[in-house]
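Engineer: Provided below are the primary sequence and the corresponding predicted coordinates.
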Amino acid sequence: MRCLVIGRSGQVATALVERAAAHTGPSAADVVALGRPDLDLCRPESIAAAISRVEPDVVVNAAAYTAVDQAESEPEAAAALNAAGPAALAGLCAAADIPLVHLSTDYVFDGTLDRPYREDDPIAPASVYGRTKAEGEAAVMAAGGRALVLRTAWVYSPFGKNFVKTMLRLGAERDRLRVVSDQVGNPTSALDIADAVLRLAAMRDGWGSGGEILHLAGTGETSWHGLAEAIFAGTAAPPVVEPIPTSAYPTPARRPANSRLDTTRLAERYGIVLPPWRESLAVTLDRLAGAAPR
Ligand SMILES: NC(=O)C1=CN([C@@H]2O[C@H](COP(=O)(O)OP(=O)(O)OC[C@H]3O[C@@H](n4cnc5c(N)ncnc54)[C@H](OP(=O)(O)O)[C@@H]3O)[C@@H](O)[C@H]2O)C=CC1
Ligand SMILES: Cc1cn([C@H]2C[C@H](O)[C@@H](COP(=O)(O)OP(=O)(O)O[C@H]3O[C@@H](C)C(=O)[C@@H](O)[C@H]3O)O2)c(=O)[nH]c1=O
Ligand SMILES: [Mg+2]
């Protein structure tokens with residue numbers, strides 16, 4: 001299959017390019033990943049031109065405004081990329097009957113529920129990022145074409161910017177880190193997301209006729225503090241990682257206390273379950289350390 005990925009240098013886009021090379025059989029894919037200046041999600045004519053040129057069997061939108069705190073002071077830029085861009089893209093895909101995979105986030109929820117969130121739980125974003133992503137989801141669902149909206153969470157990888165790389169950098173600079181322990185979620189490797197997206201794309205004839213929301217996240221849960229401890233476990237001279245409450249780490253954007261996603265629907269409908277988060281974390285840590293896989 002030919003797969004057009006919107007976004008080029010981001011974590012999921014980079015992982016899709018890399019993982020496609022390893023797939024054989026139905027999920028084997030020629031991936032064309034396009035970003036600015038060739039394809040700008042905020043310029044619908046550049047999307048239309050790319051679709052005509054690539055003639056994809058499936059489109060994956062891996063571009064987004066992901067700077068959660070910065071979005072609070074740049075709501076228009078966040079909305080253009082997370083809501084208006086996906087709306088235009090979904091409209092073009094629906095008109096051409098091209099199946100679309102769109103990525104969304106746990107931050108569409110406010111985190112007050114006492115169990116993992118299911119796909120049909122009410123959304124209530126607490127941040128500009130979450131609100132604009134929620135608008136993007138709604139636009140994709142409303143466009144009427146075949147689409148999967150994949151809500152994922154806490155994405156890290158060897159690529160781009162993410163919490164794992166931030167911790168490794170800070171841990172090398174300081175002997176003590178303070179990390180919130182009262183926000184829990186499911187750390188998810190972009191490499192695992194890429195594998196799942198390719199398998200789902202291969203199953204596109206079995207999607208419903210309209211849009212479908214699915215939760216896609218690593219198996220098992222932890223807090224940001226738990227994730228930080230796992231990052232430094234087994235390293236030489238690890239920093240002290242002090243657990244702190246959210247109130248001791250003020251940020252412009254509010255983040256959900258409970259970010260956990262229930263991934264039962266993805267398992268039942270498509271047979272996809274991501275690895276335990278510690279296993280996938282080890283893969284990325286090994287790569288970042290330049291070490292052989294353990
Ligand atoms: N990161 C996370 O923790 C999570 C991410 N998600 C979602 O997963 C998806 C992928 O996230 P991730 O890979 O981490 O994101 P990144 O921030 O790593 O990458 C975002 C990509 O969007 C591109 N981009 C920005 N503006 C435009 C534009 N106008 N036109 C085209 N491309 C543009 C960026 O390009 P450039 O490099 O040129 O700026 C970059 O390649 C997003 O939908 C995100 O909301 C969901 C949950 C968690
Ligand atoms: C760097 C740092 C962060 N923190 C806290 C802040 C925050 O509550 C939490 C995570 O910080 P980050 O800024 O990396 O995380 P954040 O940017 O909020 O990550 C989110 O990104 C978007 C795109 C998503 O869609 C979400 O699923 C989620 O992955 O850790 C500490 O407690 N100590 C620290 O030293
Ligand atoms: Mg961030």
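Structural biologist: Right, received. Where do you want to start? Residues are numbered from 1 along each chain as shown. Ligands and ions are numbered 1, 2, ... in the order given.
Engineer: measure Val108 to Asp121 for me?
Structural biologist: 10 Å (CB to CB, to the nearest Å). Where C-beta positions appear, they are placed from N, C-alpha and C, glycine not excepted.
Engineer: please apply the same query to Val12.
Structural biologist: For Val12, the distance to Asp121 - CB to CB - is 24 Å.
Engineer: next up, the contacts around the closest residue to Gly130 other than its chain neighbours.
Structural biologist: Leaving aside its sequence neighbours, Gly130 sits nearest to Tyr107 (CB to CB, 6 or more residues apart in numbering; 3.7 Å). Contacts for Tyr107 (CB atoms under 8 Å, 6 or more residues apart in numbering) come out as 68, 125-127, 129-130, 133, 255-256, 259.
Engineer: most neighbours of all these, which one?
Structural biologist: In terms of neighbour count, Lys133 stands highest of the contacts of Tyr107 at 32 neighbours, by other CB atoms under 10 Å.
Engineer: and the helix or strand where that one lies, which residues are buried?
Structural biologist: When elements are assigned from DSSP states H and E, Lys133 belongs to helix 128-142. Across helix 128-142, burial judged by 16 or more other CB atoms under 10 Å covers 128-141.
Engineer: tell me the mean pLDDT for that helix?
Structural biologist: For helix 128-142, mean pLDDT is 98.
Engineer: what's that helix packed up against?
Structural biologist: In terms of contacts (3 or more CB pairs under 8 Å, 6 or more residues apart in numbering; DSSP states H and E), helix 128-142 is packed against helix 68-71, helix 75-79, helix 85-95, strand 100-105, strand 147-152, strand 211-215.
Engineer: want to try a markdown table for the ones you listed, with distance to ligand 1 and mean pLDDT as columns?
Structural biologist: Shown next, in a markdown table, are the helices and strands packed on helix 128-142 (distance: least, CB to the nearest ligand atom, whole Å; pLDDT from 0 to 100):
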| stretch | distance to ligand 1 | mean pLDDT |
| --- | --- | --- |
| helix 68-71 | 8 | 98 |
| helix 75-79 | 9 | 98 |
| helix 85-95 | 7 | 98 |
| strand 100-105 | 4 | 98 |
| strand 147-152 | 5 | 98 |
| strand 211-215 | 11 | 98 |
